[in-house]
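In: Build me a model from this:
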Amino acid sequence: MSFTFNFDVQLPTKCQQQENQPEDGKQDSEPVPGHTITTQAELLKAAVEHFLPATPHSLLNNVVSETITIGTLPPINFLNESVFEQTANERDDNEKIFSRTAVQGSDLISGVYEGGLKVWECTYDLLELLERDGETFAEKTVLDLGCGAGLLGILALKRGASQVHFQDYNSTVIEQLTLPNTLLNCVVEKEEKGRKGKKPGKQQNKDEIIIKEEENRREEGKSELKNKQKKDEAENGRPAKRHALDSSQHPNLSRCRFFSGDWTTFLERILKEDPSPKYDIIFTSETIYNKSYYSALHNTLHRLLAPDGIVYLATKTHYFGVGGGLHLFEQFVVDKGVFDMDKLWVVDHGLQRHVVAMHFKTKDKY
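Out: You can find the predicted model right below:
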């Protein structure tokens, strides 16, 4: 599977039925030329909460990972993108996004796949800004909206956030990338703490220790998974159910939740909870590439941001071939009159990129 800077945007996606509609639901302008307006049922992708499998370490079987370290930030581990692409045909994919992106050679296919398998440049920009500004996330609730690999949410988890929720359009992205990446960081962190707690003994090559531990973990995971599958098949003919991981094994994971689906259905699902969460920090990186999504995105930010919260938006100035970009979204936000926007950083090398902060206007705090 080869990713290229190429987009297939012939089909409408993510809540296009909300385009050009104010939040009271009344139509106040004509549809954008060149976009097909279809029914809500045809466009919405139901929100689903995802859990770790019965044998969570099976997610890390035969994975090849890499680590990014930026300044004083804690190291963030994630599945190697090249290896992930090469092994895509071995992975579960009910949405068929691996095969379709391979055939079409596209970074996104509207309404099918929204780019979550790739770590985009603006995510790294936002990580650098967070390192520069020294955000610690201590006891804060965080939403990584359009999370993809989940690097931003993982950083918040490592730096003390009380809750981190991850959301992406595609269930395949959550199950095959976000969940494994989050688990990987919890496992590595636990192993590092374990090694630091041991009394010094005979010196052994650090790489050999890590490799041996990884081999043992893989074998244990394979054995546990096989036994669990046999037991379930014998009892009810169904594969192992997914459930939450024992928090005593990896306590950080008890602070995480994972969702897939359209922003509108995700918002509806979250608002039904009692109490429904309000997030102190919302990350959203490379999500304003298509202006058809702006209403759903804005509504989600409006309803879920805490009164004194902040949205960190990382974006390119313009997305060629799709039509969205910062200036269009800025105008959309101004017209709504809910948020103020502050430009925190402009990256001029390559395609111009920005990191922007959004917060409620004073009169809109509640």
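In: the helices in this protein, which residues?
Out: With DSSP state H as the criterion, the chain has helices at 40-43, 81-86, 97-104, 121-133, 151-158, 171-173, 179-197, 206-236, 263-271, 294-304, 326-336.
In: Direction included, what does the strand ranked longest in the chain pair up with?
Out: Criterion DSSP state E: the longest strand present in the chain is strand 305-316. Paired neighbours of strand 305-316 in the sheet (DSSP bridges): strand 279-285 (parallel), strand 353-360 (antiparallel).
In: Just say which of the ones you listed is most tucked in.
Out: strand 279-285 (a mean of 25; mean count of other C-beta atoms under 10 Å). Backbone N, C-alpha and C define where each C-beta goes, glycine included.
In: what pLDDT, on average, does it get?
Out: Mean per-residue pLDDT for strand 279-285: 98.
In: can you check stretch 60-79 too?
Out: 95.
In: Okay, buried residues for it please.
Out: With burial defined by 16 or more other C-beta atoms under 10 Å, the residues of stretch 60-79 counted as buried are 60, 63, 65, 70, 73, 76-79.
In: cool, stretch 303-323 as well?
Out: 304-306, 309-316, 318-319, 322-323.
In: got a list of contacts for the longest strand of the chain?
Out: The contact list for strand 305-316 (C-beta atoms under 8 Å, 6 or more residues apart in numbering) reads 121-123, 125-126, 129-130, 141, 152, 278-289, 301, 325-326, 329, 339, 351-360, 365-366.
In: Return the closest of the buried residues of stretch 303-323 with respect to residue 192.
Out: Distance to residue 192, by C-beta to C-beta, is smallest for residue 312 among these, at 27.5 Å.
In: Got phi/psi on the closest residue to residue 131 other than its chain neighbours?
Out: With sequence-adjacent residues excluded and distances taken as C-beta to C-beta, 6 or more residues apart in numbering, residue 131 is closest to residue 71, at 4.2 Å. Per-residue torsions, residue 71: phi 50, psi -130 (degrees, to the nearest 10).
In: now residue 156: how far from residue 355?
Out: In this view, residue 156 and residue 355 are 16 Å apart by C-beta to C-beta, to the nearest Å.
In: Quick check: end-to-end length of stretch 140-148?
Out: Stretch 140-148 stretches 21 Å from its first residue to its last (C-alpha to C-alpha, to the nearest Å).
In: cool, stretch 297-317 as well?
Out: Start and end residues of stretch 297-317 are separated by 18 Å (C-alpha to C-alpha).
In: how far is that stretch from where the chain is centred?
Out: 15 Å (C-alpha atoms, centre = their mean, to the nearest Å).
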